[in-house]
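# sequence and predicted structure, then a few things I'm wondering about:
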Amino acid sequence: MDAPLAVRIHPGDNVAVAVVPLHEGTEVAVDGARVTLVEDVPAGHKLALVPLAPGDAVTKYGFVIGEATAPVAAGAWVHSQNLRTRLSGTLEYAYRPVQRDGSSASAASVPTFMGYRRADGRVGTRNEVWIVNTVGCVNTAAERIARVAGERFAGRTDGVFSFSHPYGCSQLGDDLSNTQKVLAGLLRHPNAGGVLVLGLGCENNQMDQLLALAGDVDRERLRWFNTQDVVDEVEEGVDAVAALVARMEGDVRTECPASALILGHKCGGSDGFSGISANPLVGRIADRMTAMGGGVILTEVPEMFGAEQVLMNRAADEGVFRDIVAMINDFKDYFIRHDQPIYENPSPGNKAGGLTTLEEKSLGAIQKGGQATVSRVLRYGQPAATGGLSLLEAPGNDGVSSTAMVASGATVLLFTTGRGTPLGFPVPTIKISSNSHISEKKPHWIDFNAGALLDGAATLDGLADALFARILDVASGRIRTNNEMHGYREIAIWKEGVTL
């Protein structure tokens, strides 16, 4: 297949996206129509297919992404200099459910992977020891314990890892609650065959409160102590890890249905291609997973603004619709309380990659949810159910939102990117590039290249088959992701309140 020079995503769009850098005078064929460029258009950016007058709606993905602010000739570059958002203030919403075909995968069609089935029925994709800190004061101690124990017990588990953060001390209200919710989610995560909880002793995030919040965790797989109570915290910690490793040595991978997976879908460093290649590809995976009864989590609430009605119309019922409305409006109120503009998005990197307005970014971002029915809304830190598409309350920040999905139970993350990022998280993070350039430039970051679609080297269905096979290989431990191989494992916690 030959790669096109530009693509129109929806037949009703009046802009197309340049696949390669285009120069003034180039004639471009789009869906049988031809337009001659009147100026240069960078790759990933938009070009007008018809003349536009000031105030005219600009459409992409079949939806309005803003309005022209100046006369735009056919073949002109459409970006910040002549396009602005139409979003302002808060909105009224109505539930207009979409028709569904009712199709679903049969039990016979559900593939399997080799996972670690836990006592509570959940399935992990790794069998690791996690060291979780109640407070940032013990970060270095936790890192030392992980380093010593990782070397001493190499090969007996899938690894020993600590997750540093600066919180837990001097926190109040929502901030303390957010810290506790995320850490509790890590304590009960199925990828952790054993967890050491390391505290200091005097912090606001007290050990007994955190353990209580974690709920019915298998106490045979949990060890905890405050470093103020022992003589040598590293020696004590390594001994605790030794006990956990001994408990985990009987754990083996068993054949599990793919429906036991919970995938977290995230985009970061998006560009003008993300909504054309990588995000729709991940959306295909969402449709497959939810059809067979698996779970998918979609988050980044501010990057739903401008496209939220599309998700609302896919709500399973009016109760879920009301939950979506409440989550969206609560997030807008969060911006208003802090005297910040609701629609201050996209980022500078997004704009350099071709995204102009929040509507455009959001319509591309929600492609990661495919066409799946929205089964439920999860508040920050709330555990996810196994099946269906869940919308999770969390900001757009890559670290915070990805950590939130892990805390809610995601066992593999699919992370799409056009600009590239080295970030990784506690669970295997499959980085999917929207274009071949970043895949070739950063092979130590990117695990899968969706840019082959733009190159004309693959179809969306073919890429979906290949990516799904890769997910099963990663979940089974046959393949390690770049974030695992290169040690990129971070957490970030949402801070929104008062610090003493």
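The structure has been received and is ready for your questions.

# any idea how far L389 is from R288?
Distance from L389 to R288, counting by C-beta to C-beta, to the nearest Å: 12 Å. Backbone N, C-alpha and C define where each C-beta goes, glycine included.

# next one: G396
In terms of C-beta to C-beta, G396 sits 26 Å off from R288.

# got the domain boundaries for the chain?
6-84, 128-250, 256-485 (automatic domain parsing).

# quick one: closest of those to K495.
Closest to K495 of those is domain 128-250 (C-beta to C-beta; 5.5 Å).

# isn't there a helix covering G185?
Yes. Using DSSP: H, G, I helix; E, B strand; the rest coil, the assignment for G185 is a helix.

# that older thread, deepest-packed of the domains of the chain, please.
domain 256-485 (a mean of 22; mean count of other C-beta atoms under 10 Å).

# average model confidence for that domain?
Here domain 256-485 scores 95 as its mean pLDDT.

# mind checking the end-to-end distance for that domain?
Using C-alpha to C-alpha, to the nearest Å, the end-to-end distance of domain 256-485 comes to 25 Å.

# what of stretch 250-260?
21 Å.

# just put the domains of the chain in CSV and tack on distance to V110.
Output for the domains of the chain, formatted as CSV (distance: least, C-beta to C-beta, whole Å):
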stretch, distance to V110
domain 6-84, 31
domain 128-250, 19
domain 256-485, 5
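
# closest one to A94 among the ones you listed?
domain 256-485 (8.4 Å).

# quick one: distance of that closest one to the chain centre.
4 Å (C-alpha atoms, centre = their mean, to the nearest Å).

# ditto for stretch 163-171
23 Å.

# same thing with stretch 216-236?
32 Å.

# CA atoms of that stretch as PDB?
Listed next in PDB are the C-alpha coordinates belonging to stretch 216-236 (Å, rounded to 0.1, in the frame of the first residue of the first chain):
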ATOM      1  CA  ASP A 216      -9.000  -7.700  53.000                       C
ATOM      2  CA  VAL A 217      -5.400  -8.100  51.800                       C
ATOM      3  CA  ASP A 218      -3.800 -11.500  52.200                       C
ATOM      4  CA  ARG A 219      -1.800 -10.900  55.400                       C
ATOM      5  CA  GLU A 220       0.500 -13.800  54.600                       C
ATOM      6  CA  ARG A 221       1.800 -11.700  51.600                       C
ATOM      7  CA  LEU A 222       2.100  -8.500  53.600                       C
ATOM      8  CA  ARG A 223       4.900  -7.300  55.900                       C
ATOM      9  CA  TRP A 224       5.100  -3.900  57.600                       C
ATOM     10  CA  PHE A 225       7.100  -1.900  60.100                       C
ATOM     11  CA  ASN A 226       8.000   1.700  61.100                       C
ATOM     12  CA  THR A 227      11.700   2.500  60.700                       C
ATOM     13  CA  GLN A 228      11.700   4.500  64.000                       C
ATOM     14  CA  ASP A 229      11.000   1.200  65.800                       C
ATOM     15  CA  VAL A 230      14.000  -0.900  64.500                       C
ATOM     16  CA  VAL A 231      17.700  -0.600  64.800                       C
ATOM     17  CA  ASP A 232      18.700  -1.200  61.200                       C
ATOM     18  CA  GLU A 233      15.800  -0.500  58.800                       C
ATOM     19  CA  VAL A 234      17.600  -2.000  55.700                       C
ATOM     20  CA  GLU A 235      18.500  -5.200  57.500                       C
ATOM     21  CA  GLU A 236      15.000  -5.500  58.800                       C
END
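
# which other residues reach it?
Applying C-beta atoms under 8 Å, 6 or more residues apart in numbering, the contact partners of stretch 216-236 are 118-120, 138, 141, 144-145, 148, 187-188, 192-202, 207, 211, 237, 240-241, 243-244, 247-248.

# determine the longest strand present in the chain.
Taking DSSP state E as the assignment, the strand of the chain that covers the most residues is strand 192-199.

# helices and strands around it, which ones?
In this structure, strand 192-199 packs against strand 128-133, helix 139-152, helix 173-187, helix 207-214, strand 222-226, helix 233-248, with contacts taken as 3 or more C-beta pairs under 8 Å, 6 or more residues apart in numbering; DSSP states H and E.
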